[in-house]
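A.B. asks: How does the following fold in three dimensions:
(chains A and B)
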Amino acid sequence: MKEESSNPSEADDSSHSEPTPKAKKKIGEILIEKALFLAGVIAVLFVILIFAYVLYESIPFFLQVNPIEFFAGTEFKPWSSDPKYGLITPLWSSFLVTIIALAIAIPVGVFSAMYISQVARKKEREILKPLIEILAGVPSVVYGFFAFIVLASVISVVFGPLVVERLNALNGAVILAVMALPTIISISEDALSAVPRQYKEAAYALGSSDWETLRNVTFPTAKPGIVTAVLLGFGRAIGETMAVLMATGNATHLTFNPLDAIAAMTALIARDFGEVPRGSIWYHSMFALALVLLVITILINWVATSVIGKRLGWRIRR
Amino acid sequence: MMSKHTKQKVIFWFMRLVTAIPLFFLVWIIGTIVINGVGALSPTLIFGTPNPVNPELWGVGPAILGTIYVMVFTLMISLPIGILAAIYLTEYAGDNVFTRVIRSAINTLASVPSIIYGIFGFVFFLLILRFPKSAIVAALTLSLMTLPVIISASQEALLSVPKSYREGALALGATKWQSVRDHVLPNAIGGIMTGGILGLSRAGGETAPVLFVYAIALSGYVFDPLKPSMVLPYTIYNLTLQSSILEVTLPIAYACCLILLMIVIALNGLAIYIRNRARRRLQIQRAG
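C.D. replies: All right, here's what the predicted structure looks like:
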């Protein structure tokens, strides 16, 4: 990226003196560059393949089921004798858990990031950051297990008679919030820490306190990065599979009650894909769900990293 | 009316309390699993095989082996490709349309939900390429997930090596590759290893991508990488959600969670340690 300019001069040198050994080296260099290039291409290839196969496998579904029935239908019951393939129930279920999860994770995550990057002393920060990273490293199945066994019981006790099902959307949302926190915290923290020191010093020079500087200068400057953090947290939450599958009770009905059982898109795929007869409409409907999910997550990721990034000059590293 | 100073103190204390929430969950989750899991750990459980006749003598040895298999194979595939791609992107590629496509492809790979990797792996590797349900296919599928982690960590590590190192080597007549190999890579290896270890721990804990390409509910020890086997995450899922005798299977599930957590936390700790050491070394070199 940076050494482009040094290449031509080097090439000139080798053509002047001692052609044989340097030419050999040159071939080696070219081979290595090709190998490195190929590794980059593999990533592109698989993105295309993933999209292509999910699309390809969902085509038979759309040939047999009217797209209107899919996108506007409210019932998802591919297993019944009168099968229904309505997208709205699984889609809404996914959104319900994700929205509640973010309602918890955004304030907690942003305040934590502010504290870790701006308020905490260096010692404190050096303990907090690795702990947050460990939270990110806990496998999703362990989160799911914890929600299934422990958290569901706690929520049942707290909400008492209001609870419709022991395993419910709120249970999934709380555990998703915990899982999205490391993403939101670490990216927000990066954004806050990247605010130039001069900005803050100018605020201090004008008599601002630490809090006023944080609220009026640091936070507004870091805002695009924080929005990105939130969007990536959303992407992580809506794509999460095992925790949602284990925590939310798996009932495919349309509900607005967070204390009722639901079945998110990811959970439906994970639960049934292994068992459905291959080639059936049900099988292909799983790919239709996957396609919707893929489009949502890629759109969010694209908005998070490129649109916001370009408009406000942010570079996102993860 | 509160003074400016008091108000700030109150707000900062509030923030400190909020920061405690994620830590509270960390302690709560790990604490619960350690307390309930330690009791169930025994040599029979760790090294034994599933025993449907007598659940008292149930073992999850094959699941531990399966998980380690997947992790090792995933690393063998994704580490070399990931490092090469990172070197290409940071050291060789200019800023043109093509490299921008590569970059956004890597970004996209990182955002694809894990379950989609699962069904893609099933369709592509099992149905199209006709590979057997096996550790190798699980590793190929998981490599797609771990690649972005490894690439971005490696890129960060490569970028943290001062430009003067490269220029020094080039000025002494080294070729581009020589300067990268002998001067950039040795200084970036700490960060690259961190990425590799984090990718490894992610591979070990993922469930959804291996559901349909590797994991089975019950098996003995499977040493053949071309055969399906038990893995820890799927075993946990089976012993809880799919279990009809939860009171019997729950302690085993706790123990499985504990083993999985120990593997993952040990790897994460190692990654953090290596990264800090590498960072310090680079700082000292820069200062000296």
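A.B. asks: so how far is A:Ser94 from A:Leu102?
C.D. replies: 12 Å (CB to CB, to the nearest Å). All C-beta atoms are positioned from the backbone trio N, CA, C, and that covers glycine.
A.B. asks: the more surrounded of those two?
C.D. replies: When A:Leu102 and A:Ser94 are compared on other CB atoms under 10 Å in any protein chain shown, the one with more neighbours turns out to be A:Ser94, at 27 against 22.
A.B. asks: ok, that one - contacts?
C.D. replies: A:Ser94 sits next to A:238, A:264-266, A:293 when contact means CB atoms under 8 Å, 6 or more residues apart in numbering or on different chains.
A.B. asks: With distance to chain B, neighbour count and secondary structure as added columns, please give those in JSON lines.
C.D. replies: Shown next, in JSON lines, are the contacts of A:Ser94 (distance: CB to the nearest CB, whole Å; neighbours: other CB atoms under 10 Å in any protein chain shown; DSSP: H, G, I helix; E, B strand; the rest coil):
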{"residue": "A:Ile238", "distance to chain B": "8", "neighbour count": "26", "secondary structure": "helix"}
{"residue": "A:Ala264", "distance to chain B": "10", "neighbour count": "32", "secondary structure": "coil"}
{"residue": "A:Met265", "distance to chain B": "9", "neighbour count": "28", "secondary structure": "helix"}
{"residue": "A:Thr266", "distance to chain B": "5", "neighbour count": "28", "secondary structure": "helix"}
{"residue": "A:Leu293", "distance to chain B": "6", "neighbour count": "25", "secondary structure": "helix"}
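A.B. asks: can you list those residues in JSON lines and add distance to B:Leu218 and pLDDT?
C.D. replies: Converted to JSON lines, the contacts of A:Ser94 look like this (distance: CB to CB, whole Å; pLDDT from 0 to 100):
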{"residue": "A:Ile238", "distance to B:Leu218": "33", "pLDDT": "94"}
{"residue": "A:Ala264", "distance to B:Leu218": "28", "pLDDT": "95"}
{"residue": "A:Met265", "distance to B:Leu218": "29", "pLDDT": "95"}
{"residue": "A:Thr266", "distance to B:Leu218": "25", "pLDDT": "96"}
{"residue": "A:Leu293", "distance to B:Leu218": "30", "pLDDT": "96"}
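A.B. asks: Taking these together, which two end up most distant?
C.D. replies: A:Ala264 and A:Leu293 (9.4 Å; CB to CB).
A.B. asks: Now the phi/psi pair for B:Ser229, please.
C.D. replies: phi -150, psi 170 (degrees, to the nearest 10).
A.B. asks: residues near the residue of the stretch 51-200 of chain B found nearest chain A, how many?
C.D. replies: Residue nearest to chain A within the stretch 51-200 of chain B: B:Pro113 (2.9 Å; CB to the nearest CB). Other residues lying near B:Pro113 total 23 when counted by other CB under 10 Å.
A.B. asks: go on, B:Ile102?
C.D. replies: Neighbours of B:Ile102 (other CB under 10 Å): 23.
A.B. asks: Could you do B:Ser3 as well?
C.D. replies: Neighbours of B:Ser3 (other CB under 10 Å): 8.
A.B. asks: how about the helix or strand hosting A:Glu201, does it get close to chain B?
C.D. replies: Secondary structure assignment for A:Glu201, by DSSP states H and E: helix A:197-205. No - Helix A:197-205 does not reach chain B (CB under 8 Å from any CB of the partner chain); its nearest approach is 13.1 Å.
A.B. asks: I'd like the next helix or strand past that helix.
C.D. replies: helix A:210-213.
A.B. asks: Report the mean per-residue pLDDT for that following helix.
C.D. replies: Across helix A:210-213, the average pLDDT comes to 93.
A.B. asks: Repeat that for stretch A:64-76.
C.D. replies: On average, stretch A:64-76 scores 92.
A.B. asks: same deal with stretch B:106-117?
C.D. replies: 90.
A.B. asks: Repeat that for stretch B:66-86.
C.D. replies: 92.
A.B. asks: Find the residue at the geometric middle of the chain.
C.D. replies: Using chain A here. Centroid check for chain A by CA atoms, centre = their mean gives A:Arg236 as the closest residue, at 2.6 Å.
A.B. asks: Not quite, go with chain B.
C.D. replies: Nearest to the geometric centre of chain B sits B:Arg202, at 2.2 Å (CA atoms, centre = their mean).
A.B. asks: Go through stretch B:118-129 and flag the buried ones.
C.D. replies: B:118-126 (16 or more other CB atoms under 10 Å in any protein chain shown).
A.B. asks: Pull up the distance across it, start to finish.
C.D. replies: 15 Å (CA to CA, to the nearest Å).
A.B. asks: So it, near chain A or not?
C.D. replies: Yes - Stretch B:118-129 is in contact with chain A by CB under 8 Å from any CB, via B:118-120, B:122-124, B:128.
A.B. asks: I'd like to know which residues of the stretch 151-300 of chain A are adjacent to chain B.
C.D. replies: So the stretch 151-300 of chain A meets chain B at A:178, A:181-182, A:185, A:209-212, A:232, A:235, A:238-242, A:245-246, A:266, A:269-270, A:273-274, A:286-287, A:290, A:293-294, A:297-298, A:300 (CB under 8 Å from any CB).
A.B. asks: Break down the chain into its strands, ranges please.
C.D. replies: Defaulting to chain A. In chain A, the strands defined using DSSP state E lie at A:76-77, A:84-85.
A.B. asks: could you do chain B instead?
C.D. replies: Under DSSP E, chain B gives no strands.
A.B. asks: give me the low-pLDDT residue ranges for it?
C.D. replies: B:1, B:286-288 (pLDDT under 70).
A.B. asks: State the number of residues packed around B:Leu270.
C.D. replies: 16.
A.B. asks: Tell me who's in contact with it.
C.D. replies: B:Ile197.
A.B. asks: switch to 10 Å and redo it
C.D. replies: B:193-194, B:197-198, B:200-201 (CB atoms under 10 Å, 6 or more residues apart in numbering or on different chains).
A.B. asks: Could you do B:Phe98 as well?
C.D. replies: A:37, A:40-41, A:44.
A.B. asks: will you turn the residues you listed into a markdown table that also has neighbour count?
C.D. replies: Below are the contacts of B:Phe98 laid out as a markdown table (neighbours: other CB atoms under 10 Å in any protein chain shown):
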| residue | neighbour count |
| --- | --- |
| A:Phe37 | 18 |
| A:Gly40 | 26 |
| A:Val41 | 15 |
| A:Val44 | 18 |
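A.B. asks: Lowest-confidence member of these, which is it?
C.D. replies: Among these, A:Gly40 has the lowest pLDDT, at 80.
A.B. asks: my guess is that one contacts B:Ser104, does it?
C.D. replies: No - between A:Gly40 and B:Ser104 there is no contact under CB atoms under 10 Å: 11.7 Å.
A.B. asks: Okay, now the unreliable bits of chain A?
C.D. replies: Counting by pLDDT under 70, chain A has low-confidence residues at A:1-25, A:307-318.
A.B. asks: Give me the neighbour count for residue 180.
C.D. replies: I went with chain A, as the question did not name one. 29.
A.B. asks: wrong one, I was asking about chain B
C.D. replies: 24.
A.B. asks: Grab the nearest non-local neighbour of it.
C.D. replies: By the measure of CB to CB, 6 or more residues apart in numbering or on different chains, the closest residue to B:Val180 outside its immediate chain neighbours is B:Glu91, 5.3 Å from it.
A.B. asks: and the one you found, how many neighbours?
C.D. replies: Neighbours of B:Glu91 (other CB under 10 Å): 23.
A.B. asks: quick one: it from B:Arg100, how far?
C.D. replies: Taking CB to CB, one finds B:Glu91 at 17 Å from B:Arg100.
A.B. asks: again with B:Leu84
C.D. replies: 19 Å.
A.B. asks: ok, now B:Gly31?
C.D. replies: For B:Gly31, the distance to B:Arg100 - CB to CB - is 46 Å.
A.B. asks: All set now, cheers.
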